[in-house]
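Participant: Quick one, fold the following:
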Amino acid sequence: MTTRPSSTLITLATCNLNQWALDFDGNVQRILESCRLSKEQGASYRLGPELEICGYGCEDHFLENDTFDHCWESLTQLLDEGATDGLMCDFGMPVLHAGVRYNCRVICHDRKVLLIRPKTAMADNGNYREGRYFTAYSTPANSSANCPEKHLLPTTFSAQFGQRDVPFGLYHLQCADGTTIGCESCEELWTPQASHIDLALRGVEIIGNGSGSHHELRKLSTRMELMISATRKCGGVYLYSNQRGCDGSRTYYDGCAMIVVNGRIVAQAPQFDVHDVNVITATIDLDDVRSYRASHPAFGVQAARMAADEGGAGINGLMCDNAHLVFDPTNAASFNKNRPKITEESMALKIVAPEEECCLGPACWLWDFLRRSGAAGFFLPLSGGADSSSVAAIVAVMCILVTRAARDDPEGEVAKECRRVCRQDQGNSLWVPSTPQEMANSVLHTTFMGTENSSNVTNSRAKRLGDAIGSYHLSIKIDLMVKAVLQVFQITTGHMPRFASRGGTMTEDLALQNIQARLRMVTAYLFAQLLPWVRGRSGFLLVLGSANVDEGLRGYMTKYDCSSADLNPIGAISKGDLNRMLVFLSKEYPGFEVLEEIANAPPTAELRPIDAATATAEAGHSQTDEEDMGMTYEDLGYFGRLRKISRCGPVSMFKKLMVTWSHLAPSEVAAKVKRFFYYYSVNRHKMTTITPAYHAEAYSPDDNRFDLRQFLYNTRWTRQFRVIDDIVAQYPDSEQDKDKND
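Facilitator: Residues are numbered from 1 along each chain as shown. Predicted structure coming up:
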């Protein structure tokens, strides 16, 4: 009798997919491509991102039955086109079960749905609102793999694939070759009682986590460490899949698909990229998992206890008699060709520095928005200051990434999109930009909009930066527009406002500053609409804004000025991070040295007349941002983190800062906190109309969905400030400090 040689080798695949909410046809094609690449690399199991079939960011479209129907149509297409032939696929899609909406994993193999596994913990913090659309699943009493809950499949499945229903619940799969596969979904990894712990104790060796996790500065290491610790403690193979890209909103999903074995990273996909599909694979010896677990007696004790509590081992496992996933050494015809090589070497976790995150994430986000919107490029009012220069630099990085990818594969999808955006897609040409500057000249239009209050220093910086990037750059004066508006006001009212330095009141001064800022916004949209026509091209330009997160928090911006735009790639990035990004880019890319000069210059709005006596050579102007705001950008960073991340009101913020700023007297700390909360509350209304901004910072004041607070405040904060005053009064030097501050 011949003994069948056994194998414990398995090749597993996971992926980053650039899905787009409600783009069902495009999403299907990207999924099919990931399945093709997985098979090409010898995988027998493929994991995809959360809700990949419809796109994670459908939001209130999840309340529409059409979304669920189209998902089933897409799944039917995937099976019909052979995506699961010889490949077990873990897809993400919403499912309406017994009248309840669930966020599910749908596992398929050889054109059959094996299991629908619903999510048990909803992500409802920050940008996430899953509880608005889905219900967290709870296992019914007396449910087991021997008598599973069933979901009735659409009639098309019965007609096309001969399948009427499928198990629905918190089960794992037991394949015919002994391989065990389970699911965990995004938020479940972050919960105190994470699903992977119970799965591991039940003997599941391979756990797939399909995720929809967006980028946030300094967040990746926390997310990745959770996955590493999951298998370091319990053993096993953990696969992580994520969306990557802008799927239609403010967030950028930052990919970084990963495969971890027994606490070791064996494969990691890029975090930032301009390609739509990225697949990584690893060949694992499952005996390594079994040996690792068996070597930890405590694991065995807890696994045995769980089996006893549940009435026997394997009670939650669904048998899949036709699924063989491990490498078959008896297949002589393909033995030499497909014989896998075990992935043994560990990798160090690849994490880019925050200053590089600041440019790479928004750059990829802008590329997705540009190509999917149908626009011909961007228009940016470029002042020569750090904020607008940061936006220009981010677009330059976008051009670098796209040009590099297009030149590497002139027939690839990135090159095709580049030709379409640059209006070079006529005929059969395989045109690709020769340099990033050539692409920038097609897609980025920058304009310095000066007035009599602008300095030559900032005008020079704007021009030199435009030349370095390659943008289509103009320098114009808008004084005629300002004078025309003021003349209309004078004719109507008989009054002409003056700057404070020329005898006017602060009300007049602010009005004169604001009219300059608002006319720049009007000019920006005029030029964005007509510049393609001027250049003999078709289409329109997206206007880019350049207000940073600290200015939004303080309200240091004019409502409906150049902060009002179509998109703002830096709206959730702090001034400090932007300056560090500019210095990094000045050293990373030859020719960008002007960025360091811009980063080191004092920020200025240049909206008041220049006072030659106080103007500095670096700023070129006597008006500076920090003097106008009455607080530093560094202080704003403290205020922002405490207000949002630490959830502090005025009193608790004051108490914390008394410790952090121990070098200051309590009365000085109190004055700073009161000043911040006054300006924050009096300007909060500006956040209701703020330009959609790339989400990058956990203390973003974005009113749309991330920072949900009122916009009409009692700006005197009577109770809160009185409590602060009472605390300050307890300190011996309080009266002296009070006199000093007065």
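Participant: Can you report phi and psi for Thr14?
Facilitator: phi -140, psi 170 (degrees, to the nearest 10).
Participant: pLDDT wise, what is it at?
Facilitator: Predicted confidence (pLDDT) for Thr14: 98.
Participant: name the helices or strands packed onto the longest helix along the chain?
Facilitator: If you go by DSSP state H, the chain has its longest helix at helix 506-534. Packing partners of helix 506-534 (3 or more CB pairs under 8 Å, 6 or more residues apart in numbering; DSSP states H and E): strand 377-381, strand 444-450, strand 472-477, helix 479-493, strand 541-543. The C-beta positions use only the backbone N, C-alpha and C, and glycine is treated the same way.
Participant: any idea of the angle the helix or strand following the first one forms with strand 377-381?
Facilitator: Looking back up the chat, that one is strand 377-381. Going down the chain from strand 377-381, the next helix or strand is helix 386-408, by DSSP states H and E. Helix 386-408 and strand 377-381 are oriented at 160 degrees to each other (axes from the mean of the first three to the mean of the last three CA atoms, to 10 degrees).
Participant: in helix 386-408, what's buried?
Facilitator: Under the neighbour-count criterion of 16 or more other CB atoms under 10 Å, helix 386-408 has 386-403, 405-406 buried.
Participant: Could you do stretch 716-723 as well?
Facilitator: Result for stretch 716-723 [16+ other CB under 10 Å]: buried residues 717, 720-721, 723.
Participant: Need the max-distance pair from those residues.
Facilitator: Trp717 and Val723 (9.6 Å; CB to CB).
Participant: just how off-centre is the longest helix of the chain within its chain?
Facilitator: Centroid separation for helix 506-534 versus its chain: 30 Å, with CA atoms, centre = their mean, to the nearest Å.
Participant: Show me what the host helix or strand of Arg132 is in contact with.
Facilitator: In this assignment (DSSP H and E), Arg132 forms part of helix 130-133. Applying CB atoms under 8 Å, 6 or more residues apart in numbering, the contact partners of helix 130-133 are 59-60, 62-63, 94, 101, 103, 119, 122-124, 187.
Participant: List the neighbouring strands of the next helix-or-strand element following that helix plus their orientation.
Facilitator: Of the helices and strands lying after helix 130-133 in sequence (DSSP H and E), the nearest is strand 150-152. Strand 150-152 has the following strand partners under DSSP bridges: strand 165-167 (antiparallel).
Participant: Could you pull up the mean pLDDT of the strand it pairs with?
Facilitator: 96.
Participant: what does stretch 412-430 give?
Facilitator: Per-residue scores along stretch 412-430 average to 91.
Participant: same deal with stretch 573-591?
Facilitator: Here the average pLDDT along stretch 573-591 is 94.
Participant: Can you check the distance spanned by stretch 11-25, start to finish?
Facilitator: Distance across stretch 11-25, first residue to last, is 28 Å (CA to CA, to the nearest Å).
Participant: Show me which positions of that stretch end up buried.
Facilitator: The neighbour-count check on stretch 11-25 (16+ other CB under 10 Å) flags 11-24 as buried.
Participant: Show me those residues that map onto strands.
Facilitator: 11-17 (DSSP state E).
Participant: can you put the residues you listed in JSON lines and add distance to Gly55?
Facilitator: Converted to JSON lines, those look like this (distance: CB to CB, whole Å):
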{"residue": "Thr11", "distance to Gly55": "28"}
{"residue": "Leu12", "distance to Gly55": "24"}
{"residue": "Ala13", "distance to Gly55": "21"}
{"residue": "Thr14", "distance to Gly55": "18"}
{"residue": "Cys15", "distance to Gly55": "15"}
{"residue": "Asn16", "distance to Gly55": "14"}
{"residue": "Leu17", "distance to Gly55": "10"}
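Participant: Could you give me the buried positions within the longest helix of the chain?
Facilitator: 508-510, 512-513, 515-521, 523-524, 527-528, 531-532.
Participant: what's the neighbour count on Gln730?
Facilitator: 8 (other CB atoms under 10 Å).
Participant: So, low pLDDT: which residues of the stretch 101-250 of the chain?
Facilitator: The stretch 101-250 of the chain contains residues with pLDDT under 70 at 143-146.
Participant: Which residue ranges of it form helices?
Facilitator: Assigned by DSSP state H, counting those that start in this stretch, the helices in the stretch 101-250 of the chain fall at 130-133, 155-161, 195-201, 220-234.
Participant: Out of these, which one sits most buried?
Facilitator: Of all the helices of the stretch 101-250 of the chain, helix 195-201 carries the top mean neighbour count, a mean of 21, counting by mean count of other CB atoms under 10 Å.
Participant: What helices and strands are in contact with that helix?
Facilitator: Against helix 195-201 (3+ CB pairs under 8 Å, 6+ apart) you get strand 180-184, strand 206-211, helix 220-234, helix 297-309.
Participant: rewinding a little: among the contacts of helix 130-133, name the ones in strands.
Facilitator: Counting by DSSP E, the contacts of helix 130-133 contribute 94, 101, 103 to strands.
Participant: I figured the last one hits Phe134, correct?
Facilitator: In this case it means Asn103. Yes. Counting by CB atoms under 8 Å, Phe134 is a contact partner of Asn103 at 4.4 Å.
Participant: anything in contact with each of those two?
Facilitator: Common neighbours of Asn103 and Phe134 (CB under 8 Å, 6+ apart) are 94, 119, 122.
Participant: ok, now which ones touch the closest residue to Met319 other than its chain neighbours?
Facilitator: Ranked by CB to CB, 6 or more residues apart in numbering and with sequence neighbours excluded, the top spatial neighbour of Met319 is Gln174, at 5.3 Å. With contact taken as CB under 8 Å, 6+ apart, Gln174 is in contact with 180, 314, 317-320.
Participant: And Gln174, how far from Cys108?
Facilitator: 16 Å (CB to CB, to the nearest Å).
Participant: related to what we said a few turns ago, Val326: which of the ones in strands among the buried residues of stretch 11-25 is nearest?
Facilitator: For these, the nearest to Val326 is Thr11 (9.1 Å; CB to CB).
Participant: ok so, going back, can you say which of the contacts of helix 130-133 are buried?
Facilitator: 62, 94, 101, 103, 119, 122-123, 187.
Participant: CSV for the helices of the stretch 101-250 of the chain, including distance to Cys562?
Facilitator: Shown next, in CSV, are those (distance: least, CB to CB, whole Å):
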stretch, distance to Cys562
helix 130-133, 34
helix 155-161, 52
helix 195-201, 47
helix 220-234, 32
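Participant: looking at these, which is closest to Glu438?
Facilitator: Per CB to CB, nearest to Glu438 of these: helix 220-234, 32.6 Å.
Participant: List of residues touching that closest one?
Facilitator: 189-190, 194, 196-197, 200-201, 207, 209, 213, 236-238, 240, 254, 256, 258, 260-263, 265, 271, 293, 299, 349, 351.
Participant: Quick one: mark the members of these that sit in strands.
Facilitator: 207, 209, 237-238, 240, 254, 258, 260-261, 265.
Participant: Thr715 reaches Val682, doesn't it?
Facilitator: Yes. Thr715 lies in contact with Val682 (CB under 8 Å); the separation is 4.8 Å.
Participant: What lies in contact with stretch 147-156?
Facilitator: 72, 76, 95, 97, 113, 116, 140, 143, 163-169, 171, 318.
Participant: Can you say which of the residues you listed are buried?
Facilitator: 72, 76, 95, 97, 113, 116, 143, 166-169, 171, 318.
Participant: Could you report the neighbour count for the nearest residue to Lys644 once chain neighbours are set aside?
Facilitator: By the measure of CB to CB, 6+ apart, the closest residue to Lys644 outside its immediate chain neighbours is Tyr699, 4.0 Å from it. Neighbour count of Tyr699, defined by other CB under 10 Å: 22.
Participant: do Ser460 as well
Facilitator: 16.
Participant: Check Met449 too.
Facilitator: 24.
Participant: For it, give its distance to His685.
Facilitator: Distance from Met449 to His685, by CB to CB: 25 Å.
Participant: Please apply the same query to Tyr560.
Facilitator: From Tyr560 to His685 the distance is 12 Å (CB to CB).
Participant: Show the pLDDT at Glu634.
Facilitator: For Glu634, pLDDT reads 90.
Participant: now do Gly545
Facilitator: pLDDT, read off for Gly545, is 94.
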